[in-house]
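In: model this:
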Amino acid sequence: MTLPFEVGVVVRDLELMERFYCDVLGCRAERRSRVPESVGVPAGLGGELLVVWLKVAAGGCVKLILPRSAPVSARVAASPAGCPGLSYLTFHFDDMDPLVAALPAAGARPLSDPVVVRARGRRISFWSDPEGNVVELVDARAGDPDPGHSN
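Out: Sure thing, here's the model as predicted:
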């Protein structure tokens with residue numbers, strides 16, 4: 001492998017999703033490009049696309065992909081592990097508390113109660129982004145006393 005891992009997320013509202021991943025999760029827009037139909041069709045991507053590359057602070061990249069034609073509705077599952085295939089994106093933080101506090105105002109919704117769960121020396125929290133994609137937040141503060149969160 002020559003570069004960090006990248007993942008593509010097909011979106012319906014590129015501006016909304018770019019704000020969410022940059023302003024809330026801390027990614028940085030690196031570049032954007034229109035993929036013409038003459039490339040998208042033979043590459044197996046279906047047609048013309050607009051792609052925004054978002055750099056993840058710790059390495060890697062999230063590519064937001066807006067097809068020229070509207071994408072079909074997302075799969076509906078009871079939990080992130082309820083369907084085969086890509087289930088969720090994981091982001092690691094020093095402290096997820098400020099992020100967890102900001103996510104509802106950004107259009108995200110928690111997928112668990114309690115919102116933050118302690119597991120194997122870490123804290124984890126699963127959220128649905130504004131378009132229903134699942135993101136996992138992880139930090140290593142599970143050993144810290146924190147009466148606001150459950151074990």
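In: Low-confidence regions, this structure specifically.
Out: 70-84, 143-151 (pLDDT under 70).
In: All the strands of it, in order from the start?
Out: Assigned by DSSP state E, the strands in the chain fall at 6-10, 28-35, 49-55, 61-67, 88-92, 109-110, 117-119, 122-128, 134-139.
In: Check this protein for me, the residue farthest from its geometric middle.
Out: The C-alpha centroid of the chain is most remote from residue 38, which lies 28.7 Å away (C-alpha atoms, centre = their mean).
In: Next, work out how far apart that one and residue 45 are.
Out: 11 Å (C-beta to C-beta, to the nearest Å). For the C-beta atoms, the positions are set from N, CA and C on the backbone; glycine is no exception.
In: about what we covered before: and of the strands of the chain, who's closest to residue 16?
Out: strand 61-67 (10.0 Å; C-beta to C-beta).
In: just the angle between the closest one and strand 6-10, please?
Out: 30 degrees (axes from the mean of the first three to the mean of the last three C-alpha atoms, to 10 degrees).
In: buried set for strand 61-67?
Out: Across strand 61-67, burial judged by 16 or more other C-beta atoms under 10 Å covers 61-67.
In: who's the closest residue to residue 22 other than its chain neighbours bridged to?
Out: In space, residue 22 comes closest to residue 29 once its chain neighbours are excluded; the distance is 5.9 Å by C-beta to C-beta, 6 or more residues apart in numbering. With DSSP bridges applied, residue 29 shows beta-bridge pairing to residue 54.
In: Spit out the contact partners of residue 29.
Out: 18, 22, 52-55 (C-beta atoms under 8 Å, 6 or more residues apart in numbering).
In: now do residue 11
Out: By C-beta under 8 Å, 6+ apart, the neighbours of residue 11 are 17, 64-66, 71, 131.
In: And it, how close does it get to residue 3?
Out: Distance, residue 11 to residue 3, using C-beta to C-beta: 22 Å.
In: my guess is residue 59 meets residue 1, correct?
Out: No: contact criterion C-beta atoms under 8 Å: residue 59 and residue 1 do not qualify, at 11.7 Å.
In: neighbour-wise, which of those two wins?
Out: Legend: neighbour count by other C-beta atoms under 10 Å for residue 59 and residue 1, higher for residue 59 (9 against 4).
In: what's the nearest residue to that one if we skip its chain neighbours?
Out: Going by C-beta to C-beta, 6+ apart, residue 59 has residue 4 as its nearest residue, at 4.3 Å.
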